[in-house]
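In: Have a look at this prediction, sequence included:
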Amino acid sequence: MGTFVPNTKAQQQEMLQEIGYEKLDDLFAHIPDAVKFEGELDLPAGMSEMEVSKDMKKIAAKNKIFSSIFRGAGAYRHYIPAMVQHVTSNETLQTAYTPYQAEISQGVLQSIFEYQTMICDLTGMDVSNASVYDGGTAAGEAIAACRGRKAKKALVSATIQPSVMKVIETYCFGNEMELVVIPEKDGVTDVDALQSLMTDDTCCVLIQHPNYYGSLEPAAQIGEIAHSVKNCRYIMSVNPITLGTMKTPREYGADFAIGEGQPLGMAPAFGGPYLGFMASIDALKRNLPGRIVGQTTDHNGKTGYVLTLQAREQHIRREKASSNICSNQALCALTVGVYLASMGSEGLKEVATQCYSKAHYMAAELSRAGFDIENEEFFHEFVTKSDKDADAIMKALAEKGILGGLPLGDGRILWCCTEMNSKADIDEAVAIIKEVQ
Amino acid sequence: MLIFEKSRPGRGISALPKCDVDVYTLPEDDMRESDLHLPEMAEVDLSRHYTELAKKAHGVNDGFYPLGSCTMKYNPRVNERTASFEGFTQIHPLQPVDTVQGCLQVLKETEDALAAITGMSNFTLQPAAGAHGEFTGLLLIKAYHLANGDTQRRKIIVPDSAHGTNPASAVMAGMEVINVDSDEMGLVDVEKLREVCDGNDEIAGLMLTNPNTAGLFDPNIKEITDIIHACGGQCYYDGANLNAVMGWARPGDMGFDCVHLNLHKTFSTPHGGGGPGSGPVGCKEHLAKFMPGVYAVEKDGAYDFAKAEASLGEMKCFYGNFLVAVKALTYIKMLGKEGIPEASKNAVLNANYMMKKLSAVYDIAFKPEVCMHEFVMDIGRQAKETGVTAMDIAKGLLDNGIHPPTMYFPLTVHEALMAEPCETESKETLDWAIDVFIALNDLAYSDPEKLHQAPVKTPVTRLDEVGAARHPVLKYEFE
């Protein structure tokens, strides 16, 4: 068996004797017999590090790594600079606790302060928290943050990522807010329907832009409608890569900017760990859940960083807290920080530009091959429709190590391109697709 | 210095090739108006910036970390290696099921191992953290009562010694919190509990940590869970302190109906400076049909996804913090059926050794004969006699390279320092730390001012937290 216990058997015995016990079991003697576990745990026998490494390698080898991916739908493969993995592999940063002891945690606190600054810069918002679990929980938390004493109705567009909608439903099952779905029309939020759903008890309107189908939403117009009701907040969920070139949620009039941070330096990793980012206008900072880091000074006037605005939080407020969130995704926030610092403003613009340029190139090629493109304006994802069997297309692509777009049913496929898809890769994929009968 | 102050226009790394297709033009109306201010750094500057930040942080690799209820055990490096295999990191969550058999095997093996350790029948790995697991568990209980038509069961009992996340989670689940005071040993007051519960059909359930936050195993645990069941409630086990009892007592046998674990505590995946963690939730059969998300099933060596028939929904997108599960499974495979109880045994031994030695100069809250994985020192006497508080002792520890115990918790002890040494510390480390603690007590009596001023050897001294909250500066302002 493997062990990470440094004390030898002799030392264990010595320690026991020093505190007046004979054997280790004596320390558990006070556990009532009725609940004491007898016998052996139903687990395999322990193994050496070499055996476990081999075993896990064998398990990992059962997964198929696609060399070329045209699937997004909430998880994206982007280029991750070497610096990102290098920094996040640092043992100190990996193994530190939440930075309660600020004097020995300045490195972690500063990295979060820098992350908050970058998220605010990207989104145009005033205040960012230190992250939540993922894009889905960010949406659930943001809606909860908008709840008013009487206003408990949340309007959420049907065009958001379906898995995010499901998380919102769960959060609303918990807090018993009323969730109303705004229907879609021609692949974007139906603004007329939204208008008619707005009532005095509406506390927020949430959309995703670009939406699940990749389409650009009439985001500014939706913001105006949202704000037509007093104290109704406008929440925009955005893919952060788009912010390299596209309008910020603030410029569209949003009060909260949220989203899935995975595209900013995290591998797809079968769905996690990812990171939810969450930022707001200044007036709503006390409604934000989770950790927030602030700048201050020490006894000698030296600049330093601390966890702040903690009067919102569970360890102080208990049942009156804005959320139960305790640990978040700090190492992922560091990942985002290192990614954005590595890419820089110009680098992020380039990533964004390549993403939508390649997506439009691929859409044009598929259009030429007889596919209908459903979107009007889109960023790096788009939906095709054709009579060809989607499963047959996926199969043909998979044989060449290519993961095709996500089949949506009825011959519709949701495609995605990023800077990782070269023109040659796209041409190859389109050629294979053309061959499918 | 902040990274933004080091930024110089024109610098950068050479990450991407030139765009090899025509550059498309998006509608002008949707283009960004404001400038971006992301750092522009040469690679060498990036390397040095983050190296500097790491030097100003403190991880388990930097020294002893007896942070109570946080289980800061050593994080084996092999965990990081297996979690970095491309066969795990490069897998898209929406790949066809026949291409993710390895991932499903990880889910299945982890679910099964956790069920065996806790005495539960089913597990979901979807919750992303301990608090997220609490929320999940409470929603399970809610779904169960609603399915039985018990819409009035909205009250959840939380002892006053509980973690703050417990009451906060209860509110998120739409429940009302009833606090029940502890008895003089800091344990659940069974009589008071009975008064609250007897014949009360509004009770949804109870949330409990056992051993509790004072490191004490509740001898009445079966009676407590029986009282809750007798009034129709469900029992929720907060697994924060599971490291004390693995292989010795299982929440399932104590009468709990569901449980959350913290893989980043008990199962040695790192804390990451505050996440990502993982808070899997386990339950007994009667709650299984409400479980969230999907879980893995195996038939003849082939894995597939399955969904509970009356699933309460999705706690987060996809399947949880998957790579954290990879790390936990790696750890479980190494320790195995013998090593898991061995870990708990030594965690308890180390805590008792430290408690006994420190009791010579420090008062131990509730004066237990034996503790489990952690114990609480009460600095009240020192505070009264010298003015040196739990905070001062904690800050004195910083100057000695020791991460302080959890301060001012549980709330039932006013000057609390809650210490959890963990099984991965040697006798030599404990003896050294004990000497430091004793020396700090001496210092409290000989030169208290020194402790009020501590720490002095850290990158910054005590920070103005009140000022930070009163005049919040939450980001760097660009000119």
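Out: Yep, it's here.
In: show me the contacts for the residue in the stretch 51-200 of chain B positioned nearest to chain A.
Out: Of all residues in the stretch 51-200 of chain B, the one sitting closest to chain A is residue B:87 (2.8 Å; Cβ to the nearest Cβ). No exception for glycine: its C-beta is placed from N, CA and C like everyone else's. By Cβ atoms under 8 Å, 6 or more residues apart in numbering or on different chains, the contact set of residue B:87 is A:57, A:59, A:60, A:61, A:62, A:63, A:65, B:102.
In: Please name the nearest non-neighbouring residue to the last one.
Out: Counting by Cβ to Cβ, 6 or more residues apart in numbering or on different chains, residue B:102 lies nearest to residue A:62, which is 3.5 Å off, once chain neighbours are set aside.
In: surely the one you found meets residue B:97?
Out: No. Using Cβ atoms under 8 Å, residue A:62 makes no contact with residue B:97, being 11.8 Å away.
In: Between these two, which has more neighbouring residues?
Out: residue A:62 (17 against 12; other Cβ atoms under 10 Å in any protein chain shown).
In: picking that back up, give me the secondary structure label for the residue of the stretch 51-200 of chain B closest to chain A.
Out: Assigned with DSSP: H, G, I helix; E, B strand; the rest coil, residue B:87 falls in the helix class.
In: Quick check, pLDDT for it.
Out: Residue B:87 is assigned 98 on the pLDDT scale.
In: show me the contacts for the closest residue to it other than its chain neighbours.
Out: Leaving aside its chain neighbours, residue B:87 sits nearest to residue A:60 (2.8 Å; criterion: Cβ to Cβ, 6+ apart). Residue A:60 makes contact with B:82, B:85, B:86, B:87, B:88, B:102 under the criterion Cβ under 8 Å, 6+ apart.
In: dump the residue contacts of the last one.
Out: It stands for residue B:102. Counting by Cβ under 8 Å, 6+ apart, residue B:102 has contacts A:59, A:60, A:61, A:62, A:63, B:87, B:88.
In: Please apply the same query to the third one.
Out: By Cβ under 8 Å, 6+ apart, residue B:86 lies in contact with A:60, A:65.
In: helix or strand right after the longest strand seen in chain A?
Out: Secondary structure of chain A per DSSP state E: the longest strand is strand A:202-208. Later in the chain than strand A:202-208, the nearest helix or strand by DSSP states H and E is helix A:219-226.
In: tell me what the helix or strand of chain A with the lowest mean pLDDT is packed against?
Out: Confidence across the helices and strands of chain A bottoms out at helix A:314-317, with a mean of 71, counting by mean pLDDT, DSSP states H and E. Here helix A:314-317 touches helix B:165-172, going by 3 or more Cβ pairs under 8 Å, 6 or more residues apart in numbering or on different chains; DSSP states H and E.
In: contacts for the helix it packs on?
Out: Helix B:165-172 is touched from outside by A:144, A:171, A:174-175, A:314-315, A:317-321, A:323-324, A:326, B:130-131, B:134-135, B:138, B:156, B:158, B:176-177, B:179, B:207, B:238, with contacts defined as Cβ under 8 Å, 6+ apart.
In: could you dump it to PDB, C-alpha only?
Out: Output of helix B:165-172 as PDB, limited to C-alpha atoms (Å, rounded to 0.1, in the frame of the first residue of the first chain):
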ATOM      1  CA  THR B 165     -21.900  27.600   5.000                       C
ATOM      2  CA  ASN B 166     -24.500  25.300   6.600                       C
ATOM      3  CA  PRO B 167     -27.100  28.100   7.400                       C
ATOM      4  CA  ALA B 168     -26.200  29.900   4.200                       C
ATOM      5  CA  SER B 169     -26.800  26.800   2.100                       C
ATOM      6  CA  ALA B 170     -30.100  26.200   3.900                       C
ATOM      7  CA  VAL B 171     -31.400  29.600   2.800                       C
ATOM      8  CA  MET B 172     -30.400  29.000  -0.800                       C
END
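In: Run the chain-centre distance for it.
Out: Centroid separation for helix B:165-172 versus its chain: 15 Å, with Cα atoms, centre = their mean, to the nearest Å.
In: mind giving me the domain ranges of the chain?
Out: Just going to use chain A. Here the domain assignment for chain A is A:68-78+A:345-435, A:82-339, based on automatic domain parsing.
In: you looked at the wrong chain, it should be chain B
Out: According to automatic domain parsing, the domains of chain B span B:78-335, B:338-453.
In: can you give me the helices in chain A?
Out: Taking DSSP state H, the helices of chain A run over residues A:9-18, A:49-60, A:82-88, A:91-95, A:106-123, A:135-146, A:162-175, A:191-197, A:219-226, A:314-317, A:330-368, A:390-399, A:423-435.
In: and the ones you listed, which one's lowest on average pLDDT?
Out: Comparing mean pLDDT across the helices of chain A, the weakest is helix A:314-317, with a mean of 71.
In: in that one, what's buried?
Out: With burial defined by 16 or more other Cβ atoms under 10 Å in any protein chain shown, the residues of helix A:314-317 counted as buried are A:314, A:315, A:317.
In: Enumerate every residue touching the last one.
Out: Yep, that's residue A:317 we're talking about. Applying Cβ under 8 Å, 6+ apart, we find residue A:317 in contact with A:311, B:164, B:168.
In: Contacts only, for the nearest residue to residue B:452 once chain neighbours are set aside.
Out: Once flanking residues are discounted, residue B:452 sits nearest to residue B:392: 5.8 Å by Cβ to Cβ, 6+ apart. Taking Cβ under 8 Å, 6+ apart, we find residue B:392 in contact with B:444, B:448, B:451, B:452, B:454.
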